[in-house]
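Colleague: Turn this into a model:
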Amino acid sequence: MSRVRMQLLTGAAILLAGARADAACCYFSAKNVDILQPSQKVFIAWNPETRLESFTVQPRFEGNAMDFGMVIPTPSQPKLHEMPRDFFKHLAVCTILKKREFARSRLLPAPRRGLPGSSKVKALKGLENIQTTSRVRPPVVVLETGVVGSLDYKIIAADRADDLFGWLKDNKYHYAGDEATLNHYIQKKWLFTVMKIDTMQMKKNKDGSFLGEVTPTRFQFSSEELVYPLKITQISVKDRTEALFYVQAPQKMDLPGDMSYQYNWVPMLQAASGCTPGGLPGRSADWLKAIDDQIPAILKRGRELGFAFTAGRRPQPTPNGRIPTTMEWSRRLTATDIRMLQGQAPYTEVVPNVDEGFTRADINDPQKRDAVIKAIHARLARSRQDRPIGYLVRHAPADDVKNLRHLAGHLLEGQVITKFRKTFTRDEMNEDLHIVPARRGQHQDASEYEEMLPTSPP
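Modeller: Coordinates of the predicted model:
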């Protein structure tokens, strides 16, 4: 059997005479060839009414294989779609946290301080698509073949893990895992999408190894629950893998149990309480009030898990290597947000230039000085009246903002985007990942996070 190493998080499996693959999968590589996946980005959309799920994945790979393949399990036959190459870059720009800024003068002798920054399908083809390996065994069925972007893929079904292994071998895929893991999905009657990757599309390091990301691919399928295949990824993970999730659903979403972002979110809100003019933004104060009687238990459980919150710093691993999930952005999308993606609404508020029309020479001119200073102060007073707690500002290159149009049609009005980051250790990958509504008891977490939170009084 081949030897594989990978870091990723999802339910798929890699294959092939190389080493590498996509997320939500497990990777296969040839003997003595390694593949690492230090991180991956995932966009998941979930419609609980139609039971339709889709996930778009873009893993980052490092390895010395010339090519490699991957197998991605899903509960039902998926439809595959190529996504924009920079899809996750666009998501990152769209979810940059805003910060509060005041108008200020650069010409007045004593500029006023601004508000401090914050911590921020194709149908089953006929019997001609049924393929079996050379040995006598229950068949492996090829349900669909095609090309998505530059990737060739096959969607297959198998009744037994050993049949699947045989098919992979006969089709020049080299598997590097155990039968038990694939059998986990076969017993649930999941299907497998098999893809091959050419590393010549990626950057080559000086040592001959490859480094890069595969063009994002969307898998859309029916599912009774919002599940992300995680167990199979464990095969290729050496120690841990980091995943950045964007989840779009009718409500804010979270990871279950001890993986919940609340162990970092609650102390983060507590640290910012009393430090923000106008109070905590995004209904965060309402959330703390709703779960007030549960907060001691949340904090106690966080301490038991070894999680230590430090304002303004990313969580550090516990002695057993675990890192709490962190929420990085959350918002229910409005019509204005969609117009912003289309270039019809501003990306950010603009702080007025109270010095406009004046120069340093005007300040130094004895005859103009008093009138200019008076005019600037009047503008400052007007801006404070218009925006008593400041303007919500964020910055991105103009071309990046323009390219947000590629998200139109993918991000939907009325849906909630929850962005959170989780680093998984191997022992946290024993089961597939179920993503659940963000709630504590009877209380749904509807707090939003789109602006930086301060950690000390202004």
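Colleague: how many neighbours does Arg51 have?
Modeller: Per other C-beta atoms under 10 Å, the neighbour tally for Arg51 reads 15. Every C-beta, even on glycine, is put in place using the N, C-alpha and C of the backbone.
Colleague: Now do it against Lys231, distance only.
Modeller: Per C-beta to C-beta, to the nearest Å, Arg51 is found 21 Å from Lys231.
Colleague: where does the stretch 201-350 of the chain dip in pLDDT?
Modeller: Within the stretch 201-350 of the chain, the segments meeting pLDDT under 70 span 201-214, 236.
Colleague: could you pull out the helices for it?
Modeller: For the stretch 201-350 of the chain, helices defined by DSSP state H, counting those that start in this stretch occupy the ranges 262-272, 284-290, 295-304, 335-341.
Colleague: Could I get these in a markdown table, plus columns for distance to Val350?
Modeller: Listed next are these as a markdown table, based on distance: least, C-beta to C-beta, whole Å:
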| stretch | distance to Val350 |
| --- | --- |
| helix 262-272 | 25 |
| helix 284-290 | 25 |
| helix 295-304 | 38 |
| helix 335-341 | 14 |
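Colleague: between those, which one is nearest to Pro84?
Modeller: Closest approach to Pro84 among those is made by helix 335-341 (12.7 Å; C-beta to C-beta).
Colleague: Name the surrounding residues that touch the closest one.
Modeller: For helix 335-341, the surrounding residues in contact (C-beta atoms under 8 Å, 6 or more residues apart in numbering) are 94, 331, 345-347, 404-405, 407-408, 411-413.
Colleague: Strands of the stretch 51-200 of the chain, start to end?
Modeller: With strands called from DSSP state E, counting those that start in this stretch, the stretch 51-200 of the chain shows them at 52-63, 67-74, 79-82, 99-101, 130-131, 140-148, 151-158, 191-198.
Colleague: most packed of those strands?
Modeller: strand 67-74 (a mean of 28; mean count of other C-beta atoms under 10 Å).
Colleague: what's the average pLDDT for that strand?
Modeller: Strand 67-74 carries an average pLDDT of 76.
Colleague: In the chain, which residue sits furthest out from the middle?
Modeller: What lies farthest from the middle of the chain is Gln367; by C-alpha atoms, centre = their mean that is 58.0 Å.
Colleague: quick one on the thing from earlier: mean neighbour count and distance to Ser222 for the helices of the stretch 201-350 of the chain - can I get that in CSV?
Modeller: Formatted as CSV, the helices of the stretch 201-350 of the chain follow (neighbours: other C-beta atoms under 10 Å; distance: least, C-beta to C-beta, whole Å):
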stretch, mean neighbour count, distance to Ser222
helix 262-272, 21, 30
helix 284-290, 18, 33
helix 295-304, 14, 35
helix 335-341, 16, 26
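Colleague: can you tell me which of the ones you listed comes nearest to Gln444?
Modeller: helix 284-290 (8.7 Å).
Colleague: what does the closest one contact?
Modeller: Contacts for helix 284-290 (C-beta under 8 Å, 6+ apart): 266, 269-270, 272-273, 279-280, 295, 443, 445-449.
Colleague: How about stretch 102-112?
Modeller: Outside stretch 102-112, the residues touching it (C-beta under 8 Å, 6+ apart) are 113-115, 351-355, 358-360, 362-363, 372-373, 376-377, 379-380, 383-384, 387, 390-391.
Colleague: how close does the closest residue to Gln270 other than its chain neighbours get to Met268?
Modeller: Using C-beta to C-beta, 6 or more residues apart in numbering and skipping the chain neighbours, the partner closest in space to Gln270 is Leu288 (7.2 Å). Applying C-beta to C-beta, the value for Leu288 to Met268 is 11 Å.
Colleague: Is Leu392 in a helix, a strand, or coil?
Modeller: Following DSSP: H, G, I helix; E, B strand; the rest coil, Leu392 is assigned to strand.
Colleague: Quick check: beta-bridge partners of Leu151?
Modeller: Beta-bridge partners recorded for Leu151 (DSSP bridges): Val148.
Colleague: And the one 5 residues further on, by the same measure?
Modeller: When bridges are called by DSSP bridges, Ile156 pairs up with Val142, Phe192.
Colleague: And the pLDDT for it?
Modeller: In this model, Ile156 is scored at 93, pLDDT.
Colleague: Tell me if I'm right that it and Asp163 touch.
Modeller: No - counting by C-beta atoms under 8 Å, Ile156 sits too far from Asp163 to count as a contact (10.1 Å).
Colleague: so what's in contact with the two at the same time?
Modeller: Contacts common to Ile156 and Asp163, judged by C-beta under 8 Å, 6+ apart, are Val140.
Colleague: Assumed Gln385 was part of a helix.
Modeller: Yes - counting by three-state DSSP, Gln385 is part of a helix.
Colleague: Going along the chain, name the strands of the stretch 201-350 of the chain.
Modeller: Assigned by DSSP E, counting those that start in this stretch, the stretch 201-350 of the chain shows strands spanning 203-204, 210-213, 217-222, 227-228, 240-249, 253-254, 326-332.
Colleague: List the buried residues of the last one.
Modeller: Neighbour-count burial for strand 326-332, with 16 or more other C-beta atoms under 10 Å as criterion, is recorded at 326-331.
Colleague: For Gly279, which non-adjacent residue is spatially closest?
Modeller: Excluding the flanking residues, the one nearest Gly279 by C-beta to C-beta, 6+ apart is Ala285, at 5.5 Å.
Colleague: and if you look at Asp445?
Modeller: According to C-beta to C-beta, 6+ apart, the nearest residue to Asp445 is Ala438 (4.0 Å).
Colleague: and the one you found, how many residues sit next to it?
Modeller: The number of residues packed near Ala438 is 27, by other C-beta under 10 Å.
Colleague: what's the burial count for Arg106?
Modeller: Arg106: 10 surrounding residues under other C-beta under 10 Å.
Colleague: my bad, should have said Ala378
Modeller: 11.
Colleague: Would you mind measuring from it to Val93?
Modeller: 36 Å.
Colleague: Same question for Ala398.
Modeller: Counting by C-beta to C-beta - Ala398 and Val93 are separated by 11 Å.
Colleague: Now the buried members of the contacts of stretch 102-112.
Modeller: Using 16+ other C-beta under 10 Å as the threshold, 114-115, 351, 354-355, 358, 362-363, 372-373, 376, 379-380, 383, 387, 390-391 are the buried ones among the contacts of stretch 102-112.
Colleague: and the strands of the stretch 51-200 of the chain, which one's lowest on average pLDDT?
Modeller: strand 130-131 - the lowest mean pLDDT of the strands of the stretch 51-200 of the chain, at a mean of 40.
Colleague: Any idea how far stretch 154-170 is from the middle of the chain?
Modeller: Counting by C-alpha atoms, centre = their mean, to the nearest Å, stretch 154-170 is centred 31 Å from the centre of its parent chain.
Colleague: quick one: Arg439 and Ser447 touch, right?
Modeller: No - look at Arg439 against Ser447 with C-beta under 8 Å: they stay out of range, at 11.6 Å.
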